[in-house]
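K.L.:
Prediction below, plus the sequence it came from.
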Amino acid sequence: MKILKTTATTLLLLLVYSTQAQRLIKTTENVHTYALEVKPQTAYALKFTKAFQSISVAYGTGQSLKGAEVRVGEEQFFLEKNSHVRSESQQFSQLLVLAKSENGFQFESGQLSGKIQIHLYNLGNTQAVQRQVQAYKARFRTQQNCGKPASIPQSVWRTGLTPEPIPDPVVTDVKHLIIHHSVSSNSATDQVAILRGIYLYHRATLGWNDIAYNYLIAPDGTLYEGRDPQGKETEGDNIRGGHFCTGRQDGTMGVCLLGTFVDFEPSVPMLKTLIDILTWKVKKDGMDPFGTAPHPLGMPIVNNLPVIAGHQDGCTTLCPGAKVYEKIADIRDKISADVQVCAGKTDHCAALRITGDVYTAVYQLERDFETSLANCKSGNGTGNCTALCSGKSFLDQITTLRSQITAIEQACQNDTQNCVQPCNSQNLLNLLTQLEQQVNSEIQFWLNSTSEVSQEVTLLESEVNQTLANCNTNLEACRAFYPANTFEASITALKAKVDSLQAICQADANASTVNADILRSKLSRLEIKIDQKITELSQQNQLVVYPNPVSNGLLQIRSLAIAQITAIRLKNILGKGFSIRQVVRTSNPFVWQVLLPSLPSGWYLLEMQIDGKWERRRLLLK
């Protein structure tokens with residue numbers, strides 16, 4: 001093994017030859033185990049003499065895999081702990097299966113420190129095994145109602161791998177059917193490689209008797225037999241596995257879906273095969289798909305473990321992933337219906353049950369809407385928003401699906417004695433109602449009352465109205481409107497923004513302009529308010545003295561600059577000055593009242609000093 005260790009500041013080349021036993025610590029036909037001492041946050045470029053297609057890591061009990069990664073070409077894997085393996089001396093990562101055989105990879109240690117073990121798995125010629133699998137599938141015959149679906153035996157998909165399963169498997173009385181996922185890649189195309197990797201990981205590295213599961217299902221719906229019954233029974237469904245909680249394997253049959261279904265939808269063919277194998281088991285053993293039973297029997301840890309359960313129903317795990325687990329209730333319903341069909345009833349509502357056409361269409365529509373909404377909100381091209389201009393495409397599909405559900409329910413009601421009931425259509429109808437409400441609420445969301453542009457308009461409204469109010473008492477606030485309108489640019493920009501957002505929907509004849517019109521109307525009202533204030537201020541900006549003539553000795557001075565008046569005096573035509581009796585500031589900050597002295601009628605001159613300059617107005621006293 002050749003190790004190139006790199007850190008942020010150093011580059012060290014270290015050669016460790018394969019003849020050194022302290023590095024290659026164990027080797028078999030298909031599994032090679034290496035020891036490596038690592039430092040935290042360090043990258044190691046690892047090269048090996050023998051090719052491999054699968055990897056796992058063993059590490060100390062006090063260690064964490066946080067930040068640990070494996071990079072192979074374009075592939076990147078984050079190592080995760082296998083929480084289902086108990087060992088006092090070490091922990092194990094989940095299995096990684098690569099797209100093809102490799103001779104090296106980059107390992108990033110993350111928080112790991114000290115000695116670790118790297119297990120490399122040679123999966124053999126998986127292409128040749130795939131051809132054997134396809135040849136075996138070609139011999140499949142049509143499945144009889146509630147019969148066991150055709151499957152690929154372990155002897156076919158495991159061919160050439162060692163070590164063999166440990167002899168003498170244990171037969172158990174199955175009371176629970178446990179659904180799992182393999183936590184493998186959803187983009188993998190070589191499912192045989194994944195199967196073979198899982199087998200070697202379970203059998204060689206973890207030391208289990210055989211692969212953990214009784215059955216495994218590929219995304220294309222192919223059913224693979226897991227634990228080899230070795231003649232103990234014909235089918236293998238009652239062979240005790242290693243898939244459930246440690247020490248609680250008795251009484252369970254495990255079915256593993258190949259993939260990771262935390263946030264990824266399982267395929268319809270995969271679900272159909274899962275339902276078929278569980279239906280066969282339920283009917284064969286007379287099990288109640290809706291039932292529960294203590295587990296394990298005798299000294300139960302779970303008092304009411306469902307007959308058909310997810311791994312997480314009995315153990316601390318996320319398995320089989322949220323996207324599978326949320327469907328288990330519907331899987332039970334479908335199995336119950338299929339068993340009744342095998343007994344002679346007719347399932348008019350099959351299309352409404354999981355894997356049925358209408359059921360699948362409803363959930364696909366929900367996913368399509370969520371995808372369209374997410375793409376639009378993330379800004380992945382304005383074209384992605386067009387479906388939300390009127391929502392017509394989604395709303396029309398909702399209407400069509402409702403009609404189909406109603407027609408199917410009616411067919412069942414017309415054959416009540418023979419139809420499998422209930423149809424369980426209410427869940428689908430509820431989902432369509434929720435979806436309809438969501439579509440309507442998100443139509444042109446970029447222009448609705450909670451949108452960014454709407455919030456900008458509301459903020460501008462508030463700012464303008466507050467400034468108008470302040471202008472009534474504060475000259476400085478009025479400068480936002482006069483002599484220059486400081487809000488004009490913001491209003492113009494927001495109008496353009498509304499027009500641009502509305503243009504997204506110009507190709508949709510069904511798109512409403514209501515939201516855009518509301519925003520434009522708000523902006524227009526602001527312009528009118530501001531124009532009115534500007535007109536008022538332009539008039540007030542003149543230094544006006546009124547009334548003129550003055551008959552009662554009381555006059556008013558009005559000006560935007562009134563606060564800058566520092567002196568007021570009155571003279572007659574001969575230039576003789578008279579004292580102003582009193583100046584009174586009014587509630588209007590731009591208007592003063594001036595009380596004149598008692599003087600004979602005639603022409604006078606009122607002088608006001610503003611910024612050091614004298615402004616003069618002729619007055620006629622009566």
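P.N.:
That came in fine, so what should we check first? Residues are numbered from 1 along each chain as shown.

K.L.:
Mind pulling the model confidence for N474?
P.N.:
Predicted confidence (pLDDT) for N474: 78.

K.L.:
Return the distance of it relative to K115.
P.N.:
N474 sits 75 Å away from K115, going by Cβ to Cβ, to the nearest Å. Every C-beta, even on glycine, is put in place using the N, C-alpha and C of the backbone.

K.L.:
ranges for the helices of this structure?
P.N.:
With helices called from DSSP state H, the chain shows them at 126-137, 154-157, 191-200, 268-285, 322-325, 328-342, 357-377, 392-413, 426-442, 452-471, 475-478, 488-502, 514-540.

K.L.:
looking at those helices, which is buried most?
P.N.:
Counting by mean count of other Cβ atoms under 10 Å, helix 191-200 has the highest mean neighbour count of the helices of the chain, with a mean of 26.

K.L.:
And stretch 605-617, how far out from the chain middle?
P.N.:
71 Å (Cα atoms, centre = their mean, to the nearest Å).

K.L.:
no, scratch that, I was asking about stretch 561-575
P.N.:
With Cα atoms, centre = their mean as the basis, stretch 561-575 stands 73 Å off its chain's centre.

K.L.:
Now that stretch: buried residues?
P.N.:
Applying a neighbour-count criterion of 16 or more other Cβ atoms under 10 Å, one finds A561, I562, I565, L570 buried in stretch 561-575.

K.L.:
Grab the two from those that are most spread out in space.
P.N.:
A561 and L570 (20.1 Å; Cβ to Cβ).

K.L.:
For stretch 371-391, measure first residue to last.
P.N.:
Distance across stretch 371-391, first residue to last, is 14 Å (Cα to Cα, to the nearest Å).

K.L.:
and that stretch, what's its mean pLDDT?
P.N.:
80.

K.L.:
Then stretch 25-44?
P.N.:
94.

K.L.:
Over to stretch 569-577?
P.N.:
For stretch 569-577, the per-residue pLDDT averages 92.

K.L.:
Domain-wise, how is this structure divided?
P.N.:
2-121, 126-344, 359-442, 452-539, 544-621 (automatic domain parsing).

K.L.:
least reliable of those going by mean pLDDT?
P.N.:
Note on the domains of the chain: lowest mean pLDDT is at domain 2-121, with a mean of 83.

K.L.:
Tell me the gap between it and the middle of its chain.
P.N.:
32 Å.

K.L.:
Relative to K392, how far out is D368?
P.N.:
For D368 relative to K392 (Cβ to Cβ), the value is 14 Å.

K.L.:
about what we covered before: looking at the helices of the chain, spot the one closest to K50.
P.N.:
When the helices of the chain are compared by Cβ to Cβ, helix 191-200 sits nearest K50, at 14.0 Å.

K.L.:
May I ask you to confirm that L278 is in contact with I331?
P.N.:
Yes: with contacts counted by Cβ atoms under 8 Å, L278 reaches I331, the gap being 7.2 Å.

K.L.:
Neighbours of the nearest residue to L120 once chain neighbours are set aside, how many?
P.N.:
In space, and not counting its chain neighbours, L120 is closest to F52: 3.8 Å by Cβ to Cβ, 6 or more residues apart in numbering. Neighbour count for F52, taken as other Cβ atoms under 10 Å: 22.

K.L.:
how about F52, what does it touch?
P.N.:
Neighbouring residues of F52 by Cβ atoms under 8 Å, 6 or more residues apart in numbering: H32, L98, S101, E102, N103, L120, Y121, N122, L123.

K.L.:
residues in contact with the fourth one?
P.N.:
What it means is E102. E102 sits in contact with A51, F52, Q53, V72, G73, where contact means Cβ under 8 Å, 6+ apart.

K.L.:
Quickly list what it is bridged to.
P.N.:
Per DSSP bridges, the residues bridged to E102 are F52.

K.L.:
Okay, it and G73: tell me how far apart.
P.N.:
Look at E102 and G73: by Cβ to Cβ, they are 8 Å apart.

K.L.:
who touches both of these two?
P.N.:
When Cβ under 8 Å, 6+ apart defines a contact, no residue borders E102 and G73 alike.

K.L.:
Go ahead and confirm T566 touches W614.
P.N.:
No: in this structure T566 lies outside contact range of W614 using Cβ under 8 Å: 10.4 Å.

K.L.:
Between the buried residues of stretch 561-575, which sits nearest S601?
P.N.:
Out of the buried residues of stretch 561-575, the member with the shortest distance to S601 (by Cβ to Cβ) is L570, at 14.0 Å.

K.L.:
pretty sure that closest one is touching R581, no?
P.N.:
No: under the criterion of Cβ under 8 Å, L570 makes no contact with R581, lying 9.9 Å away.

K.L.:
so what sits against both of the two?
P.N.:
By Cβ under 8 Å, 6+ apart, L570 and R581 have these common neighbours: L596, P597.

K.L.:
Give me the buried positions along stretch 596-614.
P.N.:
Buried, per 16+ other Cβ under 10 Å, within stretch 596-614: L596, Y604, L606, M608, I610.

K.L.:
Quick check: of the residues you listed, which lies closest to N465?
P.N.:
N465 has its nearest neighbour among the buried residues of stretch 596-614 in I610, at 31.0 Å by Cβ to Cβ.

K.L.:
If we ignore the residues flanking it in sequence, what's nearest the closest one?
P.N.:
Leaving aside its chain neighbours, I610 sits nearest to Q564 (5.1 Å; criterion: Cβ to Cβ, 6+ apart).
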